[in-house]
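Colleague: From the sequence below, what's the structure:
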Amino acid sequence: MIHELKKTDYSKVQKLFDELQWNLITKAVIEGTSPGRIYVDSIENPRTAFMCTVEGYYIAGNACNDEFNRSLNRLIFERLFTGDTVRKDETDLAIGFYPDSWKSKMPTIFQGRVPLTTGRRHYVCTEVIIKDWKKKLPPGFGIRRIDEDILKGRGFEIPEQIDVETNWGSISDFLQKGFGFCTLHGKKAVSWSTTDCVSGNRCEIGIYTHEDHRRQGLATLTTAAIVDYALSYGFSSVGWHCEEYNLPSIKTAEKAGFKLERKYIQYYACANEAFHLEETAQFYFRAKRYKEAIESYEKFFATPKEKLPDWFRKILPQELGVHYFRIALSKAAIGENKEALKYLEKAVDNGWLHIDFLKNCKEFESMHRTLAWNSILTKIGKKLDTRGNVAEPETSPAR
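Modeller: A predicted model of the protein is given here:
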């Protein structure tokens, strides 16, 4: 069986989550400073617990409770995958865990989807290393603490991504318990960092920069500002989590003085089955398991569009070029050059125009002297002449 704990009983599972406290959100939920839910095997004496938070999902305790694990599978598919989540509009479910014995239980917990793994990093900063961040700002830019005027757009142009209510419940709770800083270009917020959660003298932050203002060092300076504030006002450390393959996030953290505390993995699956196929293809592509990536992409593209969630159906046309490029590279990697060129042409026709990146891909080297290859390069060149420069991918061609 599985039971939902009342918030007044959250302290009962504190010891179960002791080894996951480096995920600060677990402490914040138990303390009641962040939204969350906790499910247990026994209300009176819990030995297994599953926590839902706005920063992900965590499971701890006895992994060998098969009845609980089967009940958790039903909870995931019948409630969480149908939209009854702590974080609004969640598209997938990623689980952190302790101890390692949970790894063997993930197929049961995610039965109905093939669970995938994602590598992640946890960074910690305890020292300000960019003390002159104000002086390093480019002309026309300024950094200020996020206040109610900014959050409510009073005299400022604020993107909808600055959403503190998801993590804090309300703007007033964020202003009372959390904090953040943003970089302004005139009256427009172009980079911002806010606390994801706070517990005692520790906090964790997130960072986002508008795509039109990346590669200018703004993310690093915005991060420096919030770290400077946190460490100057009694916080002993600032935490940061990111995906293992998110090189821009890793570089920003390290430039701002964060030190790698650990690498870890999470198991995850997507709520929508078709979207999970697309995510599976990306998973295999990142792992260079190219045959499996191609198979997953073929299944994904064979899925009727009506089975895709509305939000994904809207953005898919913008991502087709990237998907076709991944298939092309995968085909090239296994020696299917003719098919690789066909998909590469599809990628270009759908807006994938990263010509310098393409020339440096070793997988395509055997095609460099062919007419088809030169024709593709010529087509990209003509499109670039029409559209202007296209920024090279910030990471490998996987998101």
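
Colleague: Can you give me the domain assignment for this protein?
Modeller: Domain assignment for the chain by automatic domain parsing gives 3-114, 125-263, 272-387.

Colleague: Helices along the protein, start to end?
Modeller: Assigned by DSSP state H, the helices in the chain fall at 24-31, 66-75, 106-109, 148-151, 165-168, 171-177, 218-232, 247-255, 273-286, 290-301, 310-333, 337-349, 355-359, 371-387.

Colleague: where does the stretch 151-300 of the chain have low pLDDT?
Modeller: In the predicted model of the stretch 151-300 of the chain, residues 161 satisfy pLDDT under 70.

Colleague: could you redo the last one with a cut-off of 80?
Modeller: 159-161 (pLDDT under 80).

Colleague: ok, back up a step: any chance of the domains of the chain in TSV, with mean neighbour count too?
Modeller: Just so you know, the C-beta spots here come from the backbone N, C-alpha and C atoms, and that holds for glycine as well. Below are those laid out as TSV (neighbours: other Cβ atoms under 10 Å):
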stretch	mean neighbour count
domain 3-114	18
domain 125-263	18
domain 272-387	17
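
Colleague: thinking again about what came up before, with distance to T91 as extra columns, can I get the helices of the chain in CSV?
Modeller: Shown next, in CSV, are the helices of the chain (distance: least, Cβ to Cβ, whole Å):
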stretch, distance to T91
helix 24-31, 19
helix 66-75, 18
helix 106-109, 18
helix 148-151, 25
helix 165-168, 14
helix 171-177, 24
helix 218-232, 24
helix 247-255, 19
helix 273-286, 7
helix 290-301, 15
helix 310-333, 8
helix 337-349, 24
helix 355-359, 28
helix 371-387, 30
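
Colleague: Centre of the chain to stretch 197-206, how far?
Modeller: Taking Cα atoms, centre = their mean, to the nearest Å, the mean C-alpha location of stretch 197-206 is offset from the chain mean by 18 Å.

Colleague: Restricting to C-alpha, output it in CSV.
Modeller: This file holds the C-alpha atoms of stretch 197-206, laid out as CSV (Å, rounded to 0.1, in the frame of the first residue of the first chain):
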residue,chain,number,x,y,z
CYS,A,197,14.8,26.8,-2.4
VAL,A,198,16.2,27.8,1.0
SER,A,199,16.9,25.8,4.2
GLY,A,200,18.7,27.1,7.2
ASN,A,201,21.9,28.9,5.9
ARG,A,202,21.9,27.1,2.6
CYS,A,203,20.2,27.9,-0.7
GLU,A,204,20.1,26.6,-4.3
ILE,A,205,19.7,28.8,-7.3
GLY,A,206,18.8,28.6,-11.0
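
Colleague: Let me know the pLDDT of V390.
Modeller: Looking at V390, its pLDDT is 56.

Colleague: now K136: how far from R47?
Modeller: Between K136 and R47 the computed distance is 52 Å (Cβ to Cβ, to the nearest Å).

Colleague: How about R87?
Modeller: In this view, R87 and R47 are 27 Å apart by Cβ to Cβ.

Colleague: And S172, by the same measure?
Modeller: Distance, S172 to R47, using Cβ to Cβ: 38 Å.

Colleague: what do you get for L72?
Modeller: 14 Å.

Colleague: go on, L20?
Modeller: Distance from L20 to R47, by Cβ to Cβ: 16 Å.

Colleague: Also D100?
Modeller: Remark: distance between D100 and R47 (Cβ to Cβ) = 17 Å.

Colleague: Also I143?
Modeller: According to Cβ to Cβ, I143 and R47 sit 48 Å apart.

Colleague: How about residues contacting stretch 303-313?
Modeller: Contact partners of stretch 303-313, identified using Cβ atoms under 8 Å, 6 or more residues apart in numbering, comprise 89, 91, 272-275, 277, 316.

Colleague: what's the span of that stretch, first residue to last?
Modeller: 12 Å (Cα to Cα, to the nearest Å).

Colleague: what distance separates it from the middle of the whole chain?
Modeller: For stretch 303-313, the distance to the chain centre is 21 Å (Cα atoms, centre = their mean).

Colleague: Surely Y229 touches S193?
Modeller: No. Y229 is beyond contact range of S193, at 10.0 Å (criterion: Cβ atoms under 8 Å).

Colleague: Quick check: I380 touching A347?
Modeller: No. With contacts counted by Cβ under 8 Å, I380 stays clear of A347, the gap being 9.7 Å.

Colleague: Grab the nearest non-local neighbour of K299.
Modeller: Sequence neighbours aside, L277 is the residue nearest to K299 in space, at 5.2 Å (criterion: Cβ to Cβ, 6 or more residues apart in numbering).

Colleague: One more: I265?
Modeller: Excluding the flanking residues, the one nearest I265 by Cβ to Cβ, 6+ apart is T117, at 4.9 Å.

Colleague: The one you found and A269 touch, don't they?
Modeller: No. Assessed by Cβ under 8 Å, T117 is found out of contact with A269, at 10.6 Å.
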